[in-house]
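Engineer: Compute the structure for the input listed below.
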Amino acid sequence: MKGHRNLLLIVAVALLTALPLWQIQRPEAGPDGKVAAIFTGADEKAKALVGEIAPTYRPWFEPLMEPASGEVAALLFALQAAIGAGFIGYYLGVSLTREKMQRAAKEKAATDDTPC
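Structural biologist: Got it, this is the predicted structure:
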């Protein structure tokens, strides 16, 4: 029974992750005729602004790997954020558990050392 519950939770998480990507409608083209990208962020806006301010600017570096699409880039960014959150949560959990164990050891040592 517990294995079925875990499998259902995994399927639910996968569906909650994938269904919104299938539900998104591509926006209509703007007045300039350009189709708006769905998953663009501050990087694209910053690149456009730098292009307006300094049209002759050339980037110093090229990316090592270019994602296939904006959706893949967003997925990689979300994965990076999830891994970082996992590490932070793990560290906090270990720190709290270590502190509780040290307190318990001190309390036990204090009660063991008291004469009866």
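
Engineer: ok, residue 35 - contacts?
Structural biologist: Counting by CB atoms under 8 Å, 6 or more residues apart in numbering, residue 35 makes contact with 26-29. (Each C-beta comes from the backbone N, C-alpha and C, glycine too.)

Engineer: Tell me how far it lies from residue 41.
Structural biologist: Distance, residue 35 to residue 41, using CB to CB, to the nearest Å: 17 Å.

Engineer: Just confirm residue 52 is within a helix.
Structural biologist: Yes. Judged by DSSP: H, G, I helix; E, B strand; the rest coil, residue 52 forms part of a helix.

Engineer: what's the pLDDT at it?
Structural biologist: Model confidence at residue 52, given as pLDDT, is 90.

Engineer: And the residue nearest the centre of this structure?
Structural biologist: What sits nearest the mean C-alpha location of the chain, by CA atoms, centre = their mean, is residue 81, with 2.4 Å.

Engineer: Who are the contact partners of that one?
Structural biologist: Residue 81 neighbours (CB under 8 Å, 6+ apart): none.

Engineer: part of a helix, is it?
Structural biologist: Yes. With three-state DSSP as the criterion, residue 81 is assigned to a helix.

Engineer: Check the gap between it and residue 64 for me.
Structural biologist: In this view, residue 81 and residue 64 are 20 Å apart by CB to CB.

Engineer: now residue 83
Structural biologist: As judged by CB to CB, residue 83 and residue 64 stand 18 Å apart.

Engineer: likewise residue 18?
Structural biologist: To residue 64, residue 18 is 27 Å away according to CB to CB.

Engineer: per-residue confidence at residue 40?
Structural biologist: 66.

Engineer: wait, I meant residue 76
Structural biologist: 88.

Engineer: my read is it is in a helix, agree?
Structural biologist: Yes. Residue state for residue 76 (three-state DSSP) corresponds to a helix.

Engineer: count of neighbours near it?
Structural biologist: 12 (other CB atoms under 10 Å).
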